[in-house]
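Participant: Based on what follows, work out the 3D shape:
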Amino acid sequence: MSSDAPAYGLWLLVMVNSAIFILFAFSFFKPRTKRDWRSFGAFSAFLVALFTEMYGFPLTIYLLSGWLQSSYPNIDWFSHDSGHLLEMMFGWKASPHFGPFHLLSFVFIGGGFILISAAWRVLHDAQTRGVLATNGPYSYVRHPQYAGFVLVMAGFLLQWPTILTLVMFPILVVMYWRLAVHEEREVAAVFGDAYRRYVAETPRFIPRLNRMKEENMRRFSTFAFVVGLAALANAGFAKDGVASTHGQAGSMMEGGSRAMLMMPMMNPARGRELFASKGCVVCHSINGIGGEDAPPLDAATMPGAMSPFDFAAKMWRGAEAMIYLQREELGEPVDLTGDELADIIAFVHNGDEQKKFSESDVPDRIKDLMKHMGEEESDEHENEHETDEPKG
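Facilitator: Sure thing, here's the model as predicted:
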């Protein structure tokens, strides 16, 4: 492989490419502290070193020219394409831009920037609402943006490895690790037990291998829940919105086709007990008893004739928020069997049974949790009030 003239000394390309990637990284990283600026400065230096050797001066090729020329004598090492060292050394005969390492680098670089962008949106939304970021990429790792930067650097190393960037890469990884540890201490001081539970469930940088499987199973379970709820409700709601309490099989398809689904016995009295013991009362209230993080579920405020599929759609749209609140306030998502869910639905739509609901139905452990949450909210309001007071 040869070239008429060395394709280096293109310093304008060095400056343009460095500026584009550095500004893009800055728009997401937004350094504030000295530690942030050091990490961002090191990442910027990595990019400048990379593009300098890619378009300006091939330092690595010069330093290794003797060994490269003797080991691979049929390659013009001062042509631009030869900077793709891995393709050259592994004997890739076609254009190195379509070589396996070059194509794999695009996966790493593109995936890294997508991860950074997706994580930034979640983090910005969480900071705006004053809550802990645990959704999207943050449900897989605690520091997806730093993981994204590492992926980008790894991609560039696959595409255009140099001595300087190979030396800088582990230094930057350590800097991001130290920055992550420092940030975790700061976030733990703000969110306390909620963040410690999040840390216990979520890896720092590398997601668990079975995490995707668990996520897919959760989504399938949510879908199955909605389908089951629709089937359950298809058994019929009485005129006053009280679900049927008789087990039966019913047709669910137009035209006479029958889906033989056995409807469970729906016991609103049992649902009243489960509503309290399962922790639903922590977020929802009935008769003024319960939390305020989610809408009250008084039967009197329910629509007179609610479509069961509208009810299912509400649960579907709110599934992500419900799971987040359950993890935040109960420590883990609520686990319900089909029969338990049927009983709770019957209770939610039964005004007579709801009149019997009182604080005596709430177990002590749930009361303690609600009391603790109330104290935390009170402290937050006091802190906000103190912040609003004029200084001096």
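
Participant: Quick one: the strands in this protein, in order.
Facilitator: Taking DSSP state E to define them, one finds strands in the chain at 249-250, 259-262, 285-286, 289-290.

Participant: Mean pLDDT lowest where, among these?
Facilitator: Mean pLDDT is lowest for strand 249-250 out of the strands of the chain, coming in at a mean of 46.

Participant: wait, what's in contact with the closest residue to Ala180 other than its chain neighbours?
Facilitator: Distance criterion C-beta to C-beta, 6 or more residues apart in numbering; nearest residue to Ala180, sequence neighbours excluded, is His143 at 4.6 Å. Just so you know, the C-beta spots here come from the backbone N, C-alpha and C atoms, and that holds for glycine as well. By C-beta atoms under 8 Å, 6 or more residues apart in numbering, His143 lies in contact with 176, 180, 183, 204-205.

Participant: ok, so of those, who is nearest Leu10?
Facilitator: In terms of C-beta to C-beta, no member of the contacts of His143 lies closer to Leu10 than Tyr176, at 30.5 Å.

Participant: burial count for that closest one?
Facilitator: Other residues lying near Tyr176 total 21 when counted by other C-beta atoms under 10 Å.

Participant: Next up, the contacts around it.
Facilitator: Neighbours of Tyr176 in contact, by C-beta under 8 Å, 6+ apart: 39, 143, 146, 149-150.

Participant: pLDDT at it, what is it?
Facilitator: At Tyr176, pLDDT is 91.

Participant: What part of this structure, helix or strand, is modelled with the least confidence?
Facilitator: strand 249-250 (a mean of 46; mean pLDDT, DSSP states H and E).

Participant: Return the closest of the contacts of Tyr176 with respect to Val107.
Facilitator: Val150 (14.1 Å).

Participant: For that closest one, list the residues it contacts.
Facilitator: 112, 172-173, 176, 205.

Participant: nearest to Tyr8, of these?
Facilitator: For the contacts of Val150, the nearest to Tyr8 is Leu172 (25.3 Å; C-beta to C-beta).

Participant: Contact partners for that closest one?
Facilitator: Neighbours of Leu172 in contact, by C-beta under 8 Å, 6+ apart: 39, 42-43, 46, 149-150, 153.

Participant: Among these, name the buried ones.
Facilitator: 39, 43, 46, 149-150, 153 (16 or more other C-beta atoms under 10 Å).

Participant: Please list the members of the residues you listed that lie in helices.
Facilitator: 39, 43, 46, 149-150, 153 (DSSP state H).

Participant: Take the contacts of His143 and write them to a markdown table, including distance to Leu132.
Facilitator: Formatted as a markdown table, those follow (distance: C-beta to C-beta, whole Å):
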| residue | distance to Leu132 |
| --- | --- |
| Tyr176 | 20 |
| Ala180 | 15 |
| Glu183 | 13 |
| Arg204 | 15 |
| Phe205 | 18 |
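
Participant: Let me know the closest of those residues to Gln127.
Facilitator: Distances from Gln127 to the contacts of His143, taken by C-beta to C-beta, are shortest for Glu183, at 12.8 Å.

Participant: Please name the nearest non-neighbouring residue to the closest one.
Facilitator: His143 (7.7 Å).

Participant: Now render the ones in helices among the buried ones among the contacts of Leu172 as a markdown table, adding pLDDT and distance to Ala269.
Facilitator: Listed next are these as a markdown table, based on pLDDT from 0 to 100; distance: C-beta to C-beta, whole Å:
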| residue | pLDDT | distance to Ala269 |
| --- | --- | --- |
| Ser39 | 84 | 59 |
| Phe43 | 91 | 61 |
| Phe46 | 95 | 65 |
| Phe149 | 92 | 56 |
| Val150 | 94 | 55 |
| Met153 | 95 | 61 |
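
Participant: Let me know the closest of those to Pro31.
Facilitator: Distances from Pro31 to those, taken by C-beta to C-beta, are shortest for Ser39, at 7.3 Å.

Participant: still on that earlier bit, possible to save the contacts of Leu172 as TSV with distance to Glu340?
Facilitator: As requested, the contacts of Leu172 are arranged in TSV below (distance: C-beta to C-beta, whole Å):
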residue	distance to Glu340
Ser39	49
Ala42	53
Phe43	51
Phe46	54
Phe149	45
Val150	44
Met153	49
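
Participant: In a markdown table, list the buried ones among the contacts of Leu172 along with distance to Trp67.
Facilitator: Listed next are the buried ones among the contacts of Leu172 as a markdown table, based on distance: C-beta to C-beta, whole Å:
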| residue | distance to Trp67 |
| --- | --- |
| Ser39 | 34 |
| Phe43 | 30 |
| Phe46 | 24 |
| Phe149 | 32 |
| Val150 | 29 |
| Met153 | 25 |
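
Participant: Now do the same for Glu184: its pLDDT.
Facilitator: pLDDT, read off for Glu184, is 92.

Participant: and the gap between it and Arg196?
Facilitator: Separation of Glu184 from Arg196 (C-beta to C-beta, to the nearest Å): 10 Å.

Participant: Equivalent analysis for Gly351, please.
Facilitator: 41 Å.

Participant: Same question for Leu179.
Facilitator: Distance from Leu179 to Arg196, by C-beta to C-beta: 20 Å.

Participant: Comparing the two, which residue is more hemmed in?
Facilitator: Regarding Leu179 and Arg196, a neighbour count based on other C-beta under 10 Å identifies Leu179 as having more, with 19 against 12.
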